[in-house]
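Colleague: Fold the following.
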Amino acid sequence: SDLQNAAAGSFASAFATLVLCPTELVKCRLQAMHEMQLSGKIIQGHNTVWSVVKGVIQKDGPLGFYRGLSSTLLREVPGYFFFFGGYELSRTFFASGRSKDELGPIPLLLSGGFGGSCLWIAVYPVDCVKSRIQVLSMAGKQAGFMGTFVTLVRTEGEYA
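Modeller: Numbering: from 1, shown residues only. Below you'll find the predicted structure:
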């Protein structure tokens, strides 16, 4: 059923998070470092993948790559429930009585887009907090999910 597929996708995303969290951490830090370089706060050449990886290992050890793991799980698990749920529901809509296996590329493309939209509408606020946690941990600031969320809303407003 559509609900079973959504639940299976959600469950699988919990395991995918173990690979995704380190790559997200490096990506978020590189994005922040690029902005810092543009504003003159760091010198050029210090914002490479290797420099971020080396910095994490030196400062926090291998477990440092899992800063923001709980926030990443909080994004991925419900997010992929909504993705696969939206994808399967839209496939059911397009099939309208036929087998979903008979759908062509256009309905599948639209179903994928709908699923992706469902995911990001549901989890975008969580993603913003997760990214802040991963970037702020670079400076040794760690407030957890709720602390970061409250600070973000207080300092930048509810639409940050």
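
Colleague: Low-confidence ranges, this protein, go.
Modeller: Within the chain, the stretches with pLDDT under 70 are 38-46.

Colleague: just the helices in it please.
Modeller: For the chain, helices defined by DSSP state H occupy the ranges 2-38, 49-60, 69-95, 105-136, 144-156.

Colleague: Show me which residues of the third one are buried.
Modeller: Looking back up the chat, that one is helix 69-95. Within helix 69-95, the residues scored as buried using 16 or more other C-beta atoms under 10 Å are 69, 71-91, 94. No exception for glycine: its C-beta is placed from N, CA and C like everyone else's.

Colleague: can you check the last one too?
Modeller: Of the residues in helix 144-156, those scored as buried under the neighbour-count criterion (16+ other C-beta under 10 Å) are Phe145, Thr148, Phe149, Leu152.

Colleague: For that helix, name the packing helices and strands.
Modeller: In terms of contacts (3 or more C-beta pairs under 8 Å, 6 or more residues apart in numbering; DSSP states H and E), helix 144-156 is packed against helix 69-95, helix 105-136.

Colleague: Would you mind giving these as a markdown table with distance to Ala6 added?
Modeller: Below are the helices and strands packed on helix 144-156 laid out as a markdown table (distance: least, C-beta to C-beta, whole Å):
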| stretch | distance to Ala6 |
| --- | --- |
| helix 69-95 | 4 |
| helix 105-136 | 10 |
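
Colleague: which one of those lies closest to Pro62?
Modeller: Closest approach to Pro62 among the helices and strands packed on helix 144-156 is made by helix 69-95 (12.8 Å; C-beta to C-beta).

Colleague: With Leu110 as the reference, measure out to the most centrally placed residue in the chain.
Modeller: Taking C-alpha atoms, centre = their mean as the criterion, Asp127 is the residue nearest the geometric centre of the chain, at 5.3 Å. Computed as C-beta to C-beta, to the nearest Å, the Asp127 to Leu110 distance reads 24 Å.
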